[in-house]
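In: quick one: sequence and predicted model below, then my questions.
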Amino acid sequence: MPHDQSIPARRRFLRGTLIAGAAALPLPQLATAKAPASDSDALPESMRSLTSVADQVVPIGNGERSARVAKAQRLMADHGIDAIFIGAGSSLTYFTGMHWWDSERLTGVIIPRKGEPVYVTPEFERVRTLEQIKLGNDVRGWQEDEDPYALVARVLRDMGHATGTLGMEEAVPYFRAKGIADALPQARVVPAWPVVAGCRRVKSPAELALMKLANQTTLAVYEAVWKALKPGMTEQDISGLLAMAYARTGLKGDASVNVGKYTASPHGSDQPQHLVEGTPIIFDGGCRAGGYTSDITRTVVLGQPDDEIRKVFDIVLKAQTAALNTARPGVAMGEVDAAARKVISDAGYGPDYRYFSHRLGHGIGIDMHEWDYLVRGNRHLLEAGMTFSDEPGIYIPDRFGVRLEDILYVTGDGAALMTPQSKSIDQPFG
């Protein structure tokens, strides 16, 4: 399957040490402010500048959700799809506002090419479903001893599509997709990705604003933690600092932390680690603002880096900039990867994936990994409003690694990053 059609890897932060931020605090502001008098004197000074941005989080409105459904219906017409089925997950949230845990009980929405969406859910979940949905109010319930797939089939018959083409959202589990297909023997079931990805891969100004806030918050947290690092700290100590910093911001966030030779693995290691002056440290993770995620990686050093680390850092920074300068509407996604990879190979860290061992980047939005991918061979063209990680790296086995990651968004005539690049290994936060 071409890269631009592949199923997105819905990554949860599973690399190295995981850090969970506080959940129920008022959201953060990236501004320097005096800490409240109630703050503990033990709180690192660098964290006292992290304060609330609750008033900056603007949720996606119902008008925008209606526009998303309308665009989906246009794309259905373009691709010969009569209706799509979306189950629990991020696409259900994207179109309807529902946040639903996926279990063995079917809950989902059927969006027809024309007309209003219809929701299918266990009858005992009717009230909770009606509380969550932002569009429409047609909820069809099924009892515990009834076949939910037969109910989906009845809905599609009522719509006149029982013998038509049904698009199945790619995150629907196989057992559920098969159950629906078996209940509609005369229907043609096809992937719904041209519709779902066709909507989600291009971000609106409201989505971009939430993503920028999330990314700026993550960068501020990393900087505050970096300034509080001390020799001898373990990765658990750093986890504690990150948790405190995210608690100050009020956003839910986490990150992996890897030190020294363990930075040579792109997704780190679970081995015990501790800080030693002069060795690199990699932070990689993000947080959420209004349901949209960030993903930032910073490589820092406690104390003075040696000449080789400094050299590799500068190459990676140059590669990240080359990718940024290449990205613009109409450019094939694979060319952006090629621009960064050429810088690294020309500097002696090639060929191909030898030291830069992964693709340049992934799409991002509600999910940390979603359509599309900046990878060799992807001929899909960039469009204004698309968002990607720009994350080149060089990994030298058993020695160290360097990766820099910021989120790139495509503009009308080029591309920009949501956060400032590192200036140097000595000024990793500008």
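Out: Perfect, thanks for sending it. Numbers count the residues shown, from 1 in each chain.

In: look at the nearest residue to I396 once chain neighbours are set aside and say how many residues are nearby.
Out: Leaving aside its chain neighbours, I396 sits nearest to A264 (5.8 Å; criterion: Cβ to Cβ, 6 or more residues apart in numbering). The C-beta positions use only the backbone N, C-alpha and C, and glycine is treated the same way. Number of residues near A264 (other Cβ atoms under 10 Å) recorded here: 23.

In: show me where the stretch 1-150 of the chain has its helices.
Out: Shown for the stretch 1-150 of the chain, the helices assigned by DSSP state H, counting those that start in this stretch span residues 62-79, 90-96, 126-132, 148-159.

In: just send these back as TSV, with mean pLDDT too.
Out: Formatted as TSV, those follow (pLDDT from 0 to 100):
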stretch	mean pLDDT
helix 62-79	98
helix 90-96	97
helix 126-132	96
helix 148-159	98
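
In: and of those helices, who's closest to T107?
Out: helix 126-132 (7.2 Å; Cβ to Cβ).

In: just the CA trace of that closest one, in PDB.
Out: In PDB, the C-alpha atoms belonging to helix 126-132 read as follows (Å, rounded to 0.1, in the frame of the first residue of the first chain):
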ATOM      1  CA  ARG A 126     -28.400   6.500  25.000                       C
ATOM      2  CA  VAL A 127     -28.400   9.300  27.600                       C
ATOM      3  CA  ARG A 128     -24.600   9.500  27.700                       C
ATOM      4  CA  THR A 129     -24.500   9.400  23.900                       C
ATOM      5  CA  LEU A 130     -26.900  12.300  23.600                       C
ATOM      6  CA  GLU A 131     -24.900  14.300  26.100                       C
ATOM      7  CA  GLN A 132     -21.800  14.000  24.000                       C
END
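
In: can you point out the buried residues in stretch 190-204?
Out: 191-203 (16 or more other Cβ atoms under 10 Å).

In: what's the span of that stretch from first residue to last?
Out: One end of stretch 190-204 to the other measures 27 Å (Cα to Cα, to the nearest Å).

In: residue closest to the middle of the chain?
Out: Computing the C-alpha centroid of the chain and ranking residues by Cα atoms, centre = their mean puts M368 first, at 1.6 Å.

In: surely that one is within a strand?
Out: No - the assignment for M368 (DSSP: H, G, I helix; E, B strand; the rest coil) gives coil, which keeps it out of a strand.

In: please report how far it lies from A72.
Out: 23 Å (Cβ to Cβ, to the nearest Å).

In: isn't the residue nearest to the centre of the chain up against D295?
Out: Yes - between M368 and D295 there is a contact at 5.4 Å, judged by Cβ atoms under 8 Å.

In: who touches both of those two?
Out: G286 (Cβ atoms under 8 Å, 6 or more residues apart in numbering).

In: secondary structure class of F388, three-state.
Out: Going by three-state DSSP: F388 is strand.

In: what sits against A228?
Out: A228 neighbours (Cβ under 8 Å, 6+ apart): 44, 46-47, 241.

In: of these, closest to H274?
Out: L241 (13.9 Å).

In: number of residues surrounding that closest one?
Out: L241: 23 neighbours (other Cβ under 10 Å).

In: the closest residue to it other than its chain neighbours: neighbouring residues, count only.
Out: Closest residue to L241 apart from its sequence neighbours, by Cβ to Cβ, 6+ apart: V225 at 4.6 Å. Residues lying near V225 (other Cβ under 10 Å) number 28.

In: beyond the helix or strand that contains V225, next helix or strand please.
Out: For V225, the host element (DSSP states H and E) is helix 205-228. Using DSSP H and E, the helix or strand that follows helix 205-228 towards the C-terminus is helix 235-249.

In: on that earlier part again, now do the phi/psi pair for the residue nearest to I396.
Out: phi -80, psi -10 (degrees, to the nearest 10).

In: for Y355, see how far away it is.
Out: Taken as Cβ to Cβ, the span from A264 to Y355 is 10 Å.

In: how close does Q236 sit to L219?
Out: Counting by Cβ to Cβ, the gap from Q236 to L219 is 23 Å.
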